[in-house]
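Asks: okay, here's the prediction I keep looking at, along with the sequence it came from:
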Amino acid sequence: MRASFLTLTLIFGLTTNCFALEPQQILELPSSEVEKALPSSHPSAYYLYAARLAHEGDKERALFWYYVGELRYRFYLAVYPDLPPDGAPALFGSLHQSAAQTIADPKIDKAMSITEFKRALDWDETHENTVTSKKAHRKAWLNVRATLKDELGVS
């Protein structure tokens with residue numbers, strides 16, 4: 001797990017020019033401060049925060065923030081489909097895989113995954129997204145949510 005966490009930190013650290021939170025801040029600030037700033041941060045920040053929580057042993061909260069990252073990053077990519085494939089889309093693939101490996105735990109069952117995903121859906125709906133406007137891109141936002149629900153088998 002430590003190798004995945006370090007990989008995730010390195011990947012994230014290479015892209016610090018577009019974030020409300022710097023990687024070091026995500027790793028060192030109190031959780032309350034990180035969580036307050038996340039809605040103004042690039043979607044990749046959620047993955048680093050999820051990895052931090054997993055590294056600290058808080059797998060349930062890590063899973064929640066991982067799913068928020070999934071929702072926010074997929075939405076970002078849906079709204080900006082013409083991004084260079086070696087940029088944000090490639091970063092999404094790397095972060096998705098690295099964070100999933102860091103969070104992976106046999107104690108996390110399907111019921112817990114679904115519970116945390118539903119919490120992430122609720123959080124995403126009730127919190128501002130200053131990086132990608134849910135209001136301006138409502139159709140894409142709803143589509144991403146529906147697609148991820150289908151992928152996870154959530155009704």
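Replies: Arrived safely.
Asks: kindly export the longest helix along the chain (C-alpha atoms) in CSV.
Replies: If you go by DSSP state H, the chain has its longest helix at helix 59-79. The C-alpha trace of helix 59-79 is given here as CSV (Å, rounded to 0.1, in the frame of the first residue of the first chain):
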residue,chain,number,x,y,z
LYS,A,59,-10.7,3.1,4.8
GLU,A,60,-14.4,4.0,5.0
ARG,A,61,-13.8,7.8,4.7
ALA,A,62,-11.1,7.0,2.0
LEU,A,63,-13.7,5.1,0.0
PHE,A,64,-16.2,8.0,0.3
TRP,A,65,-13.7,10.6,-1.0
TYR,A,66,-12.5,8.2,-3.7
TYR,A,67,-16.1,8.0,-5.0
VAL,A,68,-16.5,11.8,-4.8
GLY,A,69,-13.3,12.0,-6.9
GLU,A,70,-14.7,9.5,-9.4
LEU,A,71,-17.9,11.6,-9.8
ARG,A,72,-16.1,14.9,-10.0
TYR,A,73,-13.3,13.7,-12.4
ARG,A,74,-15.6,11.8,-14.7
PHE,A,75,-17.8,14.9,-14.9
TYR,A,76,-14.8,17.1,-15.6
LEU,A,77,-13.8,14.8,-18.5
ALA,A,78,-17.3,14.6,-19.8
VAL,A,79,-17.6,18.4,-20.0
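Asks: I'd like the average pLDDT over that helix.
Replies: In this model, helix 59-79 has a mean pLDDT of 95.
Asks: also stretch 142-155?
Replies: Rounded mean pLDDT across stretch 142-155 is 94.
Asks: on that earlier part again, and the longest helix of the chain, what does it pack onto?
Replies: When contacts are defined as 3 or more CB pairs under 8 Å, 6 or more residues apart in numbering; DSSP states H and E, helix 59-79 packs onto helix 44-55, helix 88-103, helix 110-126, helix 138-152. To be clear about C-beta, it is placed using only N, CA and C from the backbone, and glycine gets the same treatment.
Asks: which parts of the first one are buried?
Replies: So that's helix 44-55. Buried residues in helix 44-55, defined by neighbour count with 16 or more other CB atoms under 10 Å: Ser44, Ala45, Tyr46, Tyr47, Leu48, Tyr49, Ala50, Ala51, Arg52, Leu53, Ala54, His55.
Asks: off-centre distance for it?
Replies: Offset of helix 44-55 from its chain centre (CA atoms, centre = their mean, to the nearest Å): 8 Å.
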